[in-house]
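Enquirer: using only what follows, build the 3D model:
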Amino acid sequence: MQPNPHQIPPQYVPHTAPQMNVYPGGLAISPNNQKSKIAVLLFGIFLGIFGAHNFYLGYNGKAIAQLLITVLSLGFLAFISAIWALIESIMIFTSPMPVDGRGVPLRD
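Expert: Numbering: from 1, shown residues only. Next up, the predicted model:
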């Protein structure tokens, strides 16, 4: 007995794609790929002197500036990067609609 050519065996049925959100510029992102506001806050508090929160968000220019201030001053000017990171991460965390470097909104 031959199988019906119009009936697809269950192992060949393609999986349904996850729900995609479309953002400005036509960028479609899965909710699982959005960055976390909590992670930004923690990176800013604990690793902000190295620009970790900006690297995480994709703002590489600001991140490299914070890293260079800390490293090139041998840590003597790290307080500047620390204050900058703390203020910036709190502003991002409390913002009503924060976005990452690609313009994708952050998830809570």
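Enquirer: now do the residue nearest to residue 31 when sequence neighbours are not counted against residue 96, distance only.
Expert: Closest residue to residue 31 apart from its sequence neighbours, by CB to CB, 6 or more residues apart in numbering: residue 21 at 6.4 Å. Heads up, the C-betas are built off the backbone N, CA and C, glycines and all. According to CB to CB, to the nearest Å, residue 21 and residue 96 sit 17 Å apart.
Enquirer: and those two? which has more neighbours close in?
Expert: Comparing residue 21 with residue 96 by other CB atoms under 10 Å, the one with more neighbours is residue 21, at 13 against 4.
Enquirer: any idea how far that one is from residue 104?
Expert: Note on residue 21: its distance to residue 104, by CB to CB, is 8 Å.
Enquirer: how many residues are close by residue 34?
Expert: By the criterion of other CB under 10 Å, residue 34 has 17 neighbours.
Enquirer: contacts only, for it.
Expert: Contacts for residue 34 (CB atoms under 8 Å, 6 or more residues apart in numbering) come out as 100, 104, 105, 106, 107.
Enquirer: buried ones among those?
Expert: Neighbour counting with 16 or more other CB atoms under 10 Å marks 100, 104, 106 as buried within those.
Enquirer: show me the contacts for the last one.
Expert: So the one you mean is residue 106. Applying CB under 8 Å, 6+ apart, we find residue 106 in contact with 34, 35, 36, 37, 40, 92, 98, 99, 100.
Enquirer: for those residues, pick the one with the most neighbours.
Expert: Within the contacts of residue 106, most neighbours by other CB under 10 Å means residue 40, with 23 neighbours.
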